[in-house]
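Asker: one predicted model, sequence on top.
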2 protein chains.
Amino acid sequence: MKIITVSREFGSGGREIGKRLADELGFDYYDREIIEAVAKNKGVDADYAEKALENHLWKTYSVSFGRSFATLSVNAASLLAEEKKVIEKIAGLGKDFVIVGRNADVILKDCEPFNIFVCADMQSKIRRCKERAAEDEKLSEKEIEQKIRRIDKARRESRQLISGTKWGDKSYYHLVVNTTQWNIKELTPAVADFANKFFGRTK
Amino acid sequence: MKIITVSREFGSGGREIGKRLADELGFDYYDREIIEAVAKNKGVDADYAEKALENHLWKTYSVSFGRSFATLSVNAASLLAEEKKVIEKIAGLGKDFVIVGRNADVILKDCEPFNIFVCADMQSKIRRCKERAAEDEKLSEKEIEQKIRRIDKARRESRQLISGTKWGDKSYYHLVVNTTQWNIKELTPAVADFANKFFGRTK
């Protein structure tokens, strides 16, 4: 079984690389599906589950709402635990797949996945966010930057929580791709080439 | 003119990737030649020049030798300045080339080089150092690790000195390759593929 995990800074185009890699290599692709499965299993709304994990509600609310902390804390932490189960179940299917985010590189470590991290400079991430924004989402550049920093902070924290390791630290990935000034579509075959080299490598 | 710069942790195999990339792409290759030119231009021995730059003599000796500091400081700093001149002269030739180390990604920024950083985990770097060690160099694993840390510290410092930027920070490179568990020879064509994509990219 061949697994590719894609970790990424928000707005760097990591999701697009993941999707294109899956298409190019004929692998299954998992991203939003995981949140949907988690939400279903825990009987909550998928948007709520996503937001809870993105924003680390137990952190925010532990400050703001005093006694609500315990409930919310269990809630978000149990979503994280459920997410782990869902990901392990996917790996249990034995099919090749690409998975975006969700600390999958840590969770699936024993399966020896090919781990990619995708980053870009802030200007390039803001531009990408603007291009793909929904019609009704009119954020200023400053607001987009705040959103990027907030989401990446939560990603950093959840990785720290799960594995005690540093999110985005190059030593944890086989390849770090900086998409600044790149066209993702053009870039993907080169990443696929790397992945193929990885799976066919002699150690 | 196409330029590839290879920055690397000591022992990660970055030099080998650089050399193989140059062979594969038919580019000129610069590494030790630069130190030799610097040494010749400054009228010092090449081994001395290399050691002075590697160990940042002005730092070490400023502590140990008191008044010798001024002389040695000028000396090492002037080697760094001469190195910059030599690198700019190479770029002035207008031919495609690969250059390993020497903060070339910073010095040649305006030429828009493709910048790679090569890293690996400590065990893998120690193993590589042992494999390629000269017959008469019998260092223990602990000594090799100390050497790796010392040289990388100097690289970090000289980059900081030259550009005020952080050596090895993924945001400064187009691609970060982690060679742990990889065979460099197998890996190189995938890196070359990336470089070709970069030079042919639509921005």
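Answerer: Sure, I can see it. What you see is a predicted model; the values in this text were computed from it and never measured.

Asker: ok, the residue of chain A found nearest chain B - contacts?
Answerer: Residue nearest to chain B within chain A: A:Val176 (3.6 Å; CB to the nearest CB). For every residue, glycine as well, the C-beta is placed using N, CA and C. For A:Val176, the contacting residues are A:Ile116, A:Phe117, A:Val118, A:Cys119, A:Lys170, B:Lys170, B:Tyr173, B:Leu175, B:Val176, B:Asn178, by CB atoms under 8 Å, 6 or more residues apart in numbering or on different chains.

Asker: need the residues you listed in a markdown table with secondary structure, distance to A:Ala190 and pLDDT, can you?
Answerer: As requested, the contacts of A:Val176 are exported to a markdown table (DSSP: H, G, I helix; E, B strand; the rest coil; distance: CB to CB, whole Å; pLDDT from 0 to 100):
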| residue | secondary structure | distance to A:Ala190 | pLDDT |
| --- | --- | --- | --- |
| A:Ile116 | strand | 12 | 97 |
| A:Phe117 | strand | 15 | 96 |
| A:Val118 | strand | 13 | 97 |
| A:Cys119 | strand | 16 | 96 |
| A:Lys170 | helix | 18 | 88 |
| B:Lys170 | helix | 17 | 88 |
| B:Tyr173 | coil | 15 | 94 |
| B:Leu175 | strand | 9 | 95 |
| B:Val176 | strand | 14 | 96 |
| B:Asn178 | strand | 16 | 95 |
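
Asker: of those residues, just say which sits nearest to B:Ala81.
Answerer: Set against B:Ala81, the nearest of these by CB to CB is B:Tyr173 (24.2 Å).

Asker: does the closest one touch B:Ala104 like I think?
Answerer: No. Counting by CB atoms under 8 Å, B:Tyr173 does not reach B:Ala104; the two are 12.0 Å apart.

Asker: identify the contacts common to those two.
Answerer: Residues touching both B:Tyr173 and B:Ala104 (CB under 8 Å, 6+ apart) are B:Ser7.

Asker: more neighbours, these two?
Answerer: B:Ala104 (28 against 23; other CB atoms under 10 Å in any protein chain shown).

Asker: surely that one is in contact with B:Ile87?
Answerer: Yes. The pair B:Ala104 and B:Ile87 passes the contact test of CB under 8 Å, sitting 5.7 Å apart.

Asker: tell me which stretches of chain A form helices.
Answerer: For chain A, the helices defined by DSSP state H occupy A:14-25, A:32-42, A:46-55, A:57-64, A:69-92, A:104-107, A:122-132, A:141-163, A:184-199.

Asker: least confident of these, on average?
Answerer: Among these, helix A:57-64 has the lowest mean pLDDT, at a mean of 44.

Asker: is it true that A:Lys125 touches A:Arg8?
Answerer: No. Using CB under 8 Å, A:Lys125 is not in contact with A:Arg8, being 10.0 Å away.

Asker: circling back to that earlier point, possible to save the helices of chain A as CSV with distance to chain B?
Answerer: Shown next, in CSV, are those (distance: least, CB to the nearest CB, whole Å):
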stretch, distance to chain B
helix A:14-25, 13
helix A:32-42, 26
helix A:46-55, 23
helix A:57-64, 26
helix A:69-92, 20
helix A:104-107, 12
helix A:122-132, 9
helix A:141-163, 13
helix A:184-199, 4
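
Asker: hey, which of these is tucked in deepest?
Answerer: helix A:104-107 (a mean of 24; mean count of other CB atoms under 10 Å in any protein chain shown).

Asker: can you list contacts of that one?
Answerer: For helix A:104-107, using CB under 8 Å, 6+ apart, the contacting residues are A:3, A:5, A:7, A:84, A:87-88, A:113, A:115, A:159, A:162-163, A:165, A:172-173.

Asker: please repeat the previous calculation with a cut-off of 7 Å.
Answerer: A:Thr5, A:Ser7, A:Lys84, A:Ile87, A:Glu88, A:Pro113, A:Asn115, A:Arg159, A:Ile162, A:Ser163, A:Tyr172 (CB atoms under 7 Å, 6 or more residues apart in numbering or on different chains).

Asker: determine which two of those residues are furthest apart.
Answerer: Counting by CB to CB, the most remote pair of the contacts of helix A:104-107 is A:Glu88 and A:Tyr172, 19.3 Å apart.

Asker: what's around A:His174, how many residues?
Answerer: Neighbours of A:His174 under the rule other CB under 10 Å: 25.

Asker: quick one: contacts for it?
Answerer: Taking CB under 7 Å, 6+ apart, we find A:His174 in contact with A:Phe114, A:Asn115, A:Ile116, A:Phe198, B:Asn178.

Asker: if we go to 8 Å?
Answerer: A:Phe114, A:Asn115, A:Ile116, A:Phe194, A:Phe198, B:Val177, B:Asn178, B:Trp182.

Asker: partners of the third one in the sheet?
Answerer: Judged by DSSP bridges, the bridge partners of A:Ile116 are A:Val6, A:Leu175.
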